[in-house]
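# Requesting a structural model of the entry that follows:
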Amino acid sequence: MKPKQRLIGMLLGLLMCLSILPGTSHAQGDGIEFKVSYDDGTGIYSVYMRSNNTPIDKSTLTSQVTIKVPHATGGDQFVPRPEPFIAFVPTLYTGPTVGPSWSVGSRADGPTEDTDADYISWDLAMGADLTLYDWQAGQEILVFQFTNLGTCQGAVEIMLDSDPFASQPNSVGTNPGNQISARGMNGTTDNDFIGAYDTGSADCTGGGASPDSDGDGLTDDVDPDDDNDGIPDATEGAGDMDSDGIPDSLEHNTQDTDGDGNPDYNDPNADEDGEGNDGTSGEQNGVESGPWNDADGDGIPAHLDPNDGAAGPGDADNDTINDDVECPNGYLCPDSDGDGIPDYMDTDSDNDGTDDQTEGAGDADSDGLPDRVEPDNVDTDDDGLMDQNDPDDDGDGTNTNAEGGADGDPTDDDADMDGIPDHLDADN
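Okay, here's the model as predicted:
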């Protein structure tokens, strides 16, 4: 063989070898695209995947999905959560076995690569049957759904490979890239992600979305109990017991914000600030058309916040703990001792006889719950340790700080929907 021909042959061989090396993703060729969409009627975000071919071997090995959301803090921060009837499992199966599940693996808030964005990554655990995703060319598969515990800040998108935060190494040391390994898709087993499709379909600011008055992730037009007081809207109807301009269906039946003995639905001045709840006082911003006013941005509606007109989040109960700390995710705010008075208005949030100012931000058992919301006179699991000093309050073998769900707060998770938070419920 002539030298020139030999050189050409070597170059062709090298190119063939390079063409089959695994890369971070496949910009062209066979693979799988990701999409996130938003339903403005339900407030539900859905993540889909779509293959552009039908592989012979449909086994799925691993996957990671990363979304990019507008950066926010406090009660405005995007906090994904599965609803009680929305599981992180696929809806299209090839068999009866339910195996795949998705969980939040990491998040990065406002990294230096893009300080205006937060990045949230989900990881897939396929389970025993690797063929449950029935990949067919051009067919969408709904893989998981979630709602947002924070407020609507703008569009949510699948993070692209071209995103500055996707480059490795990044400023926070995570690997947020989108990835899926489906055996038989294109001859490799590292990453069959080829990009996003239908971008722009997950914008909560469009479509005239209905408000979510109780912050449960379900907009009022599809929520059977808009104020989450246990009484269906159909029962409360359009009544307005205290003639404050706010229908009873939007005022909690058992919450007594100001502790005056009159529940909010029957209290024309629910926060005892001297201003009525009616629309002329500046405390209400159109029940039908949008959320409550919140001048100080602490997530607490003005008609339930006695210091809404002051600069900053304020401290309604004067316990030296700011309102946005005691009500971190906006309305409805936690009521740790179940006395009807939310923590930000309650000087002894856990009703253990020691005031919140004394207990402060301490966490004696390092379980993620501050002592001010864990009583030092209650032993839920009867193990001899009061909850304030017990890292596993219900004695189920799972520490309290591991029962916090997507937002890391154990007090708002109730898997079996029996009214008892998971960290206090051994059989959840």
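
# any weak-confidence spans in the stretch 201-350 of the chain?
206-211, 217, 219, 221, 272-293, 295 (pLDDT under 70).

# let's see it at 80
205-223, 237-238, 242-246, 270-299, 302, 308-312, 329-332 (pLDDT under 80).

# And the helices in it, which stretches?
233-236, 323-326 (DSSP state H, counting those that start in this stretch).

# Out of those, flag the one nearest residue 29.
Among the helices of the stretch 201-350 of the chain, the nearest to residue 29 by CB to CB is helix 323-326 (49.1 Å). In this view, the C-beta of every residue, glycine as well, is placed from N, C-alpha and C.

# Out of the helices of the stretch 201-350 of the chain, which is the most enclosed?
helix 323-326 (a mean of 23; mean count of other CB atoms under 10 Å).

# Let me see the residues that make contact with that one.
If you take CB atoms under 8 Å, 6 or more residues apart in numbering as the criterion, helix 323-326 is touched by 74-75, 298-300, 305, 307, 313-317, 333-334, 342-344, 349, 356.

# now do stretch 164-179
Contacts for stretch 164-179 (CB under 8 Å, 6+ apart): 24-25, 34, 62-66, 68, 106, 108, 111-114, 117, 119, 121, 158-161, 191, 193.

# Validate this expectation: residue 35 resides in a helix.
No. Using DSSP: H, G, I helix; E, B strand; the rest coil, the assignment for residue 35 is strand, not a helix.

# And for it, the neighbour number?
19 (other CB atoms under 10 Å).

# Report pLDDT for it.
The score at residue 35 is 94. That number is its pLDDT.

# Wait, it touches residue 158, no?
Yes. Shown here, residue 35 and residue 158 form a contact pair, counting by CB atoms under 8 Å, at 6.7 Å.

# intersection of neighbour lists for these two?
196, 199.

# Reformat the helices of the stretch 201-350 of the chain as CSV; add distance to residue 169.
Listed next are the helices of the stretch 201-350 of the chain as CSV, based on distance: least, CB to CB, whole Å:
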stretch, distance to residue 169
helix 233-236, 51
helix 323-326, 34
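
# Break down this protein into its strands, ranges please.
32-39, 44-51, 60-70, 80-81, 101-109, 117-125, 140-148, 157-158, 179-182, 193-196 (DSSP state E).

# Now tell me which of those strands the model trusts least on average.
strand 80-81 (a mean of 84).

# so how far is that one off the chain centroid?
Here strand 80-81 is found 2 Å from its chain centre; the criterion is CA atoms, centre = their mean, to the nearest Å.

# separation between the closest residue in space to residue 149 that isn't next to it in sequence and residue 170?
Of all residues not flanking residue 149 in the chain, residue 79 sits nearest, at 3.9 Å (CB to CB, 6 or more residues apart in numbering). Here the criterion is CB to CB, to the nearest Å. By it, residue 79 lies 22 Å from residue 170.

# Same question for residue 380.
Residue 380 is 41 Å from residue 170, by CB to CB.

# and residue 316, what is it in contact with?
By CB under 8 Å, 6+ apart, the neighbours of residue 316 are 271, 305, 306, 307, 323, 344, 345.

# So it versus residue 346, what's the distance?
9 Å.

# what's the answer for residue 265, then?
When residue 265 is compared with residue 346 (using CB to CB), they lie 19 Å apart.

# likewise residue 396?
28 Å.

# Between these two, which is the more surrounded one?
residue 346 (26 against 17).

# Does that one touch residue 337 like I think?
Yes. At 7.3 Å, residue 346 counts as touching residue 337 under the criterion of CB under 8 Å.

# Pull up the gap between residue 375 and residue 152, please.
Per CB to CB, residue 375 is found 36 Å from residue 152.

# any idea how far residue 400 is from residue 267?
34 Å.

# These two: which is more packed in?
Taking other CB under 10 Å, residue 267 and residue 400 do not tie; residue 400 has more neighbours (25 against 21).

# which residues sit in contact with the spatially closest residue to that one that is not a sequence neighbour?
Distance criterion CB to CB, 6+ apart; nearest residue to residue 400, sequence neighbours excluded, is residue 367 at 3.9 Å. The neighbourhood of residue 367, defined by CB under 8 Å, 6+ apart, consists of 374, 390, 391, 392, 393, 399, 400, 401, 410, 423.

# Recalculate using a threshold of 6 Å.
Residue 367 sits next to 391, 400, 401 when contact means CB atoms under 6 Å, 6 or more residues apart in numbering.

# How about residue 401?
Going by CB under 6 Å, 6+ apart, the list of residues near residue 401 reads 367, 368.
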